[in-house]
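K.L.:
this one's sequence-less:
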């Protein structure tokens, strides 16, 4: 079971996308996972928490 947080940024002016996954955000994700697993009788041993960070770049009139 993977719990995934996806963060997107258009520049690194304010840091990388994963920088936005603060301790507070991690606690919220873990609480959501705990609630989900308890309703499904899941096991913590089978859980992974992942962050996907996406940097976007919009190119105008490039063709």
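P.N.:
Nice, I can see it. What you are looking at is a predicted structure, and each value in this text was computed from that prediction instead of being measured.

K.L.:
Mind checking what helix or strand follows the helix or strand bottoming out on mean pLDDT in the chain in sequence?
P.N.:
Every helix and strand in the chain was compared by mean pLDDT, DSSP states H and E; the lowest is helix 23-40, with a mean of 92. Next in sequence after helix 23-40, counting helices and strands by DSSP states H and E, comes strand 48-55.

K.L.:
Can you name the residues that contact the nearest residue to residue 48 once chain neighbours are set aside?
P.N.:
Closest residue to residue 48 apart from its sequence neighbours, by C-beta to C-beta, 6 or more residues apart in numbering: residue 2 at 4.8 Å. Placement of C-beta: from N, CA and C, glycine included. Going by C-beta atoms under 8 Å, 6 or more residues apart in numbering, residue 2 touches 47, 48, 49, 50.

K.L.:
Could you report the neighbour count for the third one?
P.N.:
Other residues within reach of residue 49 by the criterion other C-beta atoms under 10 Å amount to 14.

K.L.:
and what of the first one?
P.N.:
Residues lying near residue 47 (other C-beta under 10 Å) number 15.

K.L.:
Relative to residue 41, how far out is it?
P.N.:
13 Å (C-beta to C-beta, to the nearest Å).

K.L.:
ok so, going back, who touches the least confident helix or strand of the chain?
P.N.:
For helix 23-40, the surrounding residues in contact (C-beta under 8 Å, 6+ apart) are 1, 3, 5, 42, 43, 44, 47, 49.

K.L.:
buried stuff in that helix?
P.N.:
29, 33, 37 (16 or more other C-beta atoms under 10 Å).

K.L.:
low-confidence ranges in the chain?
P.N.:
For the chain, applying pLDDT under 70 flags the ranges 42.

K.L.:
try 80
P.N.:
41-45, 58, 63 (pLDDT under 80).
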